[in-house]
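In: Need a 3D model of the following:
(chains A and B)
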Amino acid sequence: MEGHLNLTLKIWRQKNASVAGKFETYQVSGISTDMSFLEMIDVLNNRLIEEGDDPVAFDHDCREGICGMCSMYINGRPHGPNRGVTTCQLHMRSFKDGETITVEPWRASAFPVIKDLVVNRSAFDRIIAAGGFVSINTGNAQDANSLPIPKEDADDAFAAAACIGCGACVAACKNASAMLFTSAKISQLALLPQGKVEAAKRAEAMVAQMDEEGFGACSNTGACEAECPKGISLENIARMNREYFSATFSSK
Amino acid sequence: MAWLAKSFNSSLGKKLLMAITGLFLISFLIVHCGLNATIFLNDGGVAFNEGAEFMAHNPIIRTMEIVLFGGLLLHIFDGLRLWLDNKKKRPVAYAVVDGAANSKWYSRSMGLLGTLLLLFLIMHLKHFWYFSRLTNDLTESHTLYNEMQVVFQSPIVVIVYVLGCISLGYHLLHGFQSAFQTMGWNHPKYTPTIKAIGAIYSIVIAALFAAMPVAFYFNLIQ
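Out: Reported below is the predicted structural model:
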């Protein structure tokens, strides 16, 4: 069939966090090259349900690349073979007919498997809760122009804020380090005057939480930046290091 | 000072220690390589032996030798600590990893390259540091230069030295620019220059060091 693929899928199946998982092999046929990777898994799951089997559990929500829910490690890379996309935006035209595709969950001790390809990423939420916010007094919003912000700073802060917290950086890193995520969340606030007030306390608290969650250290391989669907830059990690070490000497 | 210990025990602090000690060792290599490169003057080791003599008796250099061993040990132990820590962070390994798609092999292999370098270094210290400091074999008629001529007659030793220098080159190629990134020096103005200097430094240092045993083995210098 023109534009249709027959594929062999090796998918990680794991009942829950406390039992060991293993790979199961599935054949799928007649997959349209216009389908997204998740739609291809939907086709497989429909069949599994009809056959009375347990469908493959996977995370997904918006399916338009902005929510950060989908999280598949495909053929040795987070979000598959293409750069700058999430799994939901990965289309089957990126694969060849007859190909064997290996699908694994994000693997990190800080991201325990809930089921199959679904991992618990609440460690990220706890890093944010530790300091990834700005304390403000409530009341009327002040005039936007009362706080002058250079365009470059606004752009850098916005680029850091593009992080969707999917965890591809952790999945790609040989040390399962969360530095790219944490540094983006520190940077998006540290670059702006509203965030500078609590910058030292924030850097210390978020790094401490990151370490406590069991993420690794940074080897500066750049794998996270290369695999990030939102193109978060390594400059953020350098900024986090500056923020953290200046906080070491200045915080009270 | 508990605050400082806490900072250096964090995942960021351990890396900062790697960066600082790494850059210190990088600065040492410039001195070491520069002095040894005087053998290429082909003056029968006169300049080299003079330099070695100065290094052996200058009190500042003697003190720095202790600092150097301290820095080296810190670099080794901190690297070992990071390796042990990081190893625990992914208890279930991936079945398929396409590392080449997103990073350089040597950036992912710093621990391995460092281990090879340590093994090489043990042999290297035995050859020359042990000989000149801890034995009485160093005399007017048998200088450090003469010892190099003797040691580098063995083809196996020469091959191991060249392999050691290749490991060093790749270790530096990642380590040089990585140290600046860890110290927070990442800026559109400086980073391209840092990376270029790092690449040139790594290649020049590794090539010069590798050329030394090869030159002795093939009698290219007397």
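
In: Could you give the backbone dihedrals for the closest residue to B:Asn36 other than its chain neighbours?
Out: With sequence-adjacent residues excluded and distances taken as C-beta to C-beta, 6 or more residues apart in numbering or on different chains, B:Asn36 is closest to B:Met212, at 6.1 Å. No exception for glycine: its C-beta is placed from N, CA and C like everyone else's. Per-residue torsions, B:Met212: phi -70, psi -60 (degrees, to the nearest 10).

In: From chain A, how far out is B:Met212?
Out: 30 Å (C-beta to the nearest C-beta, to the nearest Å).

In: Also B:Ile159?
Out: For B:Ile159, the distance to chain A - C-beta to the nearest C-beta - is 29 Å.

In: residue ranges with poor pLDDT in chain A?
Out: In the predicted model of chain A, residues A:1-2 satisfy pLDDT under 70.

In: Let's see that with 80 instead.
Out: Residue ranges of chain A with pLDDT under 80: A:1-2, A:136-138, A:141-142, A:144.

In: Do a quick rundown of the helices in chain A.
Out: Counting by DSSP state H, one finds helices in chain A at the ranges A:37-50, A:122-131, A:151-161, A:168-172, A:179-190, A:193-196, A:199-212, A:223-227, A:235-250.

In: B:Leu119: which of those helices is closest?
Out: B:Leu119 lies closest to helix A:223-227 among the helices of chain A, at 27.2 Å (C-beta to C-beta).

In: So what's the gap between the closest one and the chain middle?
Out: Helix A:223-227 sits 11 Å away from the centroid of its parent chain (C-alpha atoms, centre = their mean, to the nearest Å).

In: could I get it in CSV with only the CA atoms?
Out: The C-alpha trace of helix A:223-227 is given here as CSV (Å, rounded to 0.1, in the frame of the first residue of the first chain):
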residue,chain,number,x,y,z
ALA,A,223,22.3,16.0,24.9
CYS,A,224,19.4,17.8,26.8
GLU,A,225,19.6,20.9,24.6
ALA,A,226,19.8,18.7,21.4
GLU,A,227,16.7,16.7,22.4
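
In: can you tell if that helix touches chain B?
Out: Yes. Against chain B, helix A:223-227 shows contacts by C-beta under 8 Å from any C-beta of the partner chain at A:Ala223, A:Ala226, A:Glu227.

In: number of nearby residues for the second one?
Out: Neighbouring residues of A:Ala226 were enumerated by other C-beta atoms under 10 Å in any protein chain shown; the total is 19.

In: Single out the most deeply packed of the helices of chain A.
Out: Most buried of the helices of chain A, by mean neighbour count (mean count of other C-beta atoms under 10 Å in any protein chain shown): helix A:168-172, with a mean of 29.

In: one step back: out of the helices of chain A, which comes closest to A:Gly98?
Out: When the helices of chain A are compared by C-beta to C-beta, helix A:37-50 sits nearest A:Gly98, at 14.7 Å.

In: list the helices and strands the closest one packs on?
Out: strand A:22-32 (3 or more C-beta pairs under 8 Å, 6 or more residues apart in numbering or on different chains; DSSP states H and E).

In: could I get the strand it packs on in PDB with only the CA atoms?
Out: This file holds the C-alpha atoms of strand A:22-32, laid out as PDB (Å, rounded to 0.1, in the frame of the first residue of the first chain):
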ATOM      1  CA  LYS A  22       9.800  -6.300  29.900                       C
ATOM      2  CA  PHE A  23       9.500  -5.700  26.200                       C
ATOM      3  CA  GLU A  24       6.500  -7.100  24.200                       C
ATOM      4  CA  THR A  25       6.600  -7.300  20.400                       C
ATOM      5  CA  TYR A  26       3.600  -6.200  18.300                       C
ATOM      6  CA  GLN A  27       3.100  -6.100  14.600                       C
ATOM      7  CA  VAL A  28       1.000  -3.200  13.200                       C
ATOM      8  CA  SER A  29       0.100  -2.900   9.500                       C
ATOM      9  CA  GLY A  30      -1.400  -0.300   7.200                       C
ATOM     10  CA  ILE A  31      -0.200   2.600   9.300                       C
ATOM     11  CA  SER A  32      -0.600   5.900   7.400                       C
END
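
In: Now do that strand against helix A:37-50, angle only.
Out: On the basis of axes from the mean of the first three to the mean of the last three C-alpha atoms, to 10 degrees, strand A:22-32 is oriented at 110 degrees to helix A:37-50.

In: Strand A:22-32 pairs with which strands?
Out: strand A:4-13 (antiparallel) (DSSP bridges).

In: In the partner strand, which residues are buried?
Out: Burial within strand A:4-13, assessed by neighbour count using 16 or more other C-beta atoms under 10 Å in any protein chain shown, is assigned to A:Leu5, A:Leu7, A:Leu9, A:Lys10, A:Ile11, A:Trp12.

In: Now render those residues as JSON lines, adding distance to A:Gly84.
Out: Supplementary listing: the buried residues of strand A:4-13 in JSON lines, determined by distance: C-beta to C-beta, whole Å:
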{"residue": "A:Leu5", "distance to A:Gly84": "23"}
{"residue": "A:Leu7", "distance to A:Gly84": "23"}
{"residue": "A:Leu9", "distance to A:Gly84": "24"}
{"residue": "A:Lys10", "distance to A:Gly84": "25"}
{"residue": "A:Ile11", "distance to A:Gly84": "24"}
{"residue": "A:Trp12", "distance to A:Gly84": "25"}
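
In: Which residue of chain B lies farthest from its centroid?
Out: Relative to the centre of chain B, and counting by C-alpha atoms, centre = their mean, the farthest-placed residue is B:Ala95 at 34.0 Å.

In: Show the pLDDT at it.
Out: Listed pLDDT for B:Ala95 reads 97.

In: how close does it sit to chain A?
Out: On the measure of C-beta to the nearest C-beta, B:Ala95 and chain A end up 6 Å apart.

In: what are the phi and psi values for that residue?
Out: phi -80, psi -40.

In: residues in contact with it?
Out: Residues near B:Ala95 by C-beta atoms under 8 Å, 6 or more residues apart in numbering or on different chains: A:Lys10, A:Trp12, A:Phe23, A:Thr102, A:Glu104.

In: What of A:Met179?
Out: Taking C-beta under 8 Å, 6+ apart as the test, what A:Met179 contacts is A:Cys169, A:Cys173, A:Met210, A:Phe215, A:Ala217, A:Cys218, A:Cys224, A:Ile237, A:Met240, B:Ser11.

In: cutoff 7 Å now
Out: Applying C-beta atoms under 7 Å, 6 or more residues apart in numbering or on different chains to A:Met179 gives the contacts A:Cys218, A:Ile237, A:Met240.

In: For chain B, tell me which of those show up nearby.
Out: Among these, the residues within reach of chain B (C-beta under 7 Å from any C-beta of the partner chain) are A:Cys218.

In: for B:Leu113, helix, strand, or coil?
Out: helix (DSSP: H, G, I helix; E, B strand; the rest coil).

In: and the residue nearest to it when sequence neighbours are not counted, helix, strand or coil?
Out: Distances taken as C-beta to C-beta, 6+ apart put B:His171 closest to B:Leu113, at 4.3 Å, once the chain neighbours are dropped. Here B:His171 is recorded as helix under three-state DSSP.
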